[in-house]
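>>> Just the structure for this:
(4 chains)
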Protein chains: 2
Amino acid sequence: MGSSSAARVQSALGRLLQRGTRMHLYDRVVDGVEGVDATLYPVLSGVARIGPVSATELAAVIGLDRTAATRYATRLESAGLMSRRPDAADARATLLELTPHGRKAVARMRGNLTRAINDILDEWQPAQAEQFAAALDDFVSRLESLA
Amino acid sequence: MGSSSAARVQSALGRLLQRGTRMHLYDRVVDGVEGVDATLYPVLSGVARIGPVSATELAAVIGLDRTAATRYATRLESAGLMSRRPDAADARATLLELTPHGRKAVARMRGNLTRAINDILDEWQPAQAEQFAAALDDFVSRLESLA
DNA sequence: TATTGTTATACTCTATAACTATA
DNA sequence: TATAGTTATAGAGTATAACAATA
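Sure thing, here's the model as predicted:
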């Protein structure tokens, strides 16, 4: 049945999702990156992943409200990390994209996160790390589609 | 080096910690449990795990502010799920513990979460699930102690 | 009529500061 | 003097509602 595995996953997941753990990790990721805090990070990272993108679509992807997305975009624009341009295909829409500074910030944040993760994975056998990465990826995908 | 594993873990972790994913999971967990929402769940669950416990110690464990812990405890007390009693060993302290209703609520929430996780793990080989559970547990522990 | 971007508004969460009681 | 609990207050995040422009 695997109930015992479920109990362990449940406990670990609970600790992982806890505010303190999350915030600490985010703080570490945005450390030394000007104009980005733990709140803005998912927004900037989302545009890096799927941009150029409209605020409405971005909001849906990163699980945020449309109005919050537009406000955070404004903050990132003020910080010179993001820019807006009209969508040639739809005059109602505005496309969000990264500026060169924004791309540099994302690269730095990803480096911070990769470093933190490698600090952990390096304690394991490479094969074990590989297996964990694949399993976690699959687990999260299934979790997202539980809907 | 395992950089490729790190990249996969990074991507999966990003999606997992995203607000939308987290809230959806929490909503699922508290579904049908009277008096508990996604905010109160970690508090109630924390007391179930380590109670009877003082508000200050609870706050430290679940990564919350002391003042928030005491306010949430009040809400849970009003809902009849938690109770306060003086600490015989220290007259300054108040111990938080679950009422019978609180214990029933926690059992129900854990059932919800275990069911959701088993929906995922059941797709895997038992040995693979077991290995993932152990790896995730270890990963989270190391993440917590990166400090 | 529906949708995009945006702003205004209200509500919730969280942290800081301050107060009281006890160690 | 330090610590536990609590309350008051302010700041930040988020959702709902409403508006103008375009589909």
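
>>> for chain A, what are the low-confidence residue spans?
A:1-2, A:147 (pLDDT under 70).

>>> what does it put close to DNA strand D?
With C-beta under 7 Å from any atom of the strand as the criterion, chain A comes near DNA strand D at residues A:37, A:39, A:64, A:65, A:66, A:67, A:68, A:71, A:90, A:91, A:92. Any C-beta I mention is one placed from the backbone N, CA and C, and that applies to glycine too.

>>> What residues does chain A have near DNA strand C?
Counting by C-beta under 7 Å from any atom of the strand, chain A sits next to DNA strand C at A:19, A:54-57, A:66-67, A:70-71, A:73-74, A:84, A:87, A:90, A:92-95.

>>> and if we set it to 6 Å?
A:19, A:54-56, A:66-67, A:70-71, A:73-74, A:84, A:92-94 (C-beta under 6 Å from any atom of the strand).

>>> what would these look like in JSON lines with secondary structure and neighbour count?
Listed next are the residues of chain A next to DNA strand C as JSON lines, based on DSSP: H, G, I helix; E, B strand; the rest coil; neighbours: other C-beta atoms under 10 Å in any protein chain shown:
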{"residue": "A:19", "secondary structure": "helix", "neighbour count": "15"}
{"residue": "A:54", "secondary structure": "strand", "neighbour count": "19"}
{"residue": "A:55", "secondary structure": "helix", "neighbour count": "24"}
{"residue": "A:56", "secondary structure": "helix", "neighbour count": "14"}
{"residue": "A:66", "secondary structure": "helix", "neighbour count": "14"}
{"residue": "A:67", "secondary structure": "helix", "neighbour count": "10"}
{"residue": "A:70", "secondary structure": "helix", "neighbour count": "18"}
{"residue": "A:71", "secondary structure": "helix", "neighbour count": "14"}
{"residue": "A:73", "secondary structure": "helix", "neighbour count": "23"}
{"residue": "A:74", "secondary structure": "helix", "neighbour count": "13"}
{"residue": "A:84", "secondary structure": "strand", "neighbour count": "15"}
{"residue": "A:92", "secondary structure": "strand", "neighbour count": "8"}
{"residue": "A:93", "secondary structure": "strand", "neighbour count": "14"}
{"residue": "A:94", "secondary structure": "strand", "neighbour count": "17"}
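
>>> just curious, which of those is nearest to chain B?
residue A:19 (5.1 Å; C-beta to the nearest C-beta).

>>> pretty sure that closest one is touching residue B:64, no?
Yes. With contact defined as C-beta atoms under 8 Å, residue A:19 reaches residue B:64; the gap is 6.7 Å.

>>> Mutual contacts of these two, please.
With contacts taken as C-beta atoms under 8 Å, 6 or more residues apart in numbering or on different chains, residue A:19 and residue B:64 have residue B:42 as neighbours in common.

>>> Tell me how far the residue nearest the centre of chain A lies from residue A:102.
Compute the mean C-alpha point of chain A, and by C-alpha atoms, centre = their mean the closest residue is residue A:42, 4.2 Å away. Applying C-beta to C-beta, to the nearest Å, the value for residue A:42 to residue A:102 is 14 Å.

>>> Can you point out the buried residues in stretch A:79-86?
Of all the residues in stretch A:79-86, those buried under the rule 16 or more other C-beta atoms under 10 Å in any protein chain shown are A:79, A:81, A:82, A:83.

>>> for stretch A:97-109, same thing?
A:98, A:102, A:105, A:106, A:108, A:109.

>>> What is the longest helix of chain A by residue count?
Counting by DSSP state H, the longest helix found in chain A is helix A:100-121.

>>> for that one, packing partners?
Secondary-structure packing of helix A:100-121 (3 or more C-beta pairs under 8 Å, 6 or more residues apart in numbering or on different chains; DSSP states H and E): helix A:19-29, helix A:41-50, helix B:3-17, helix B:126-144.
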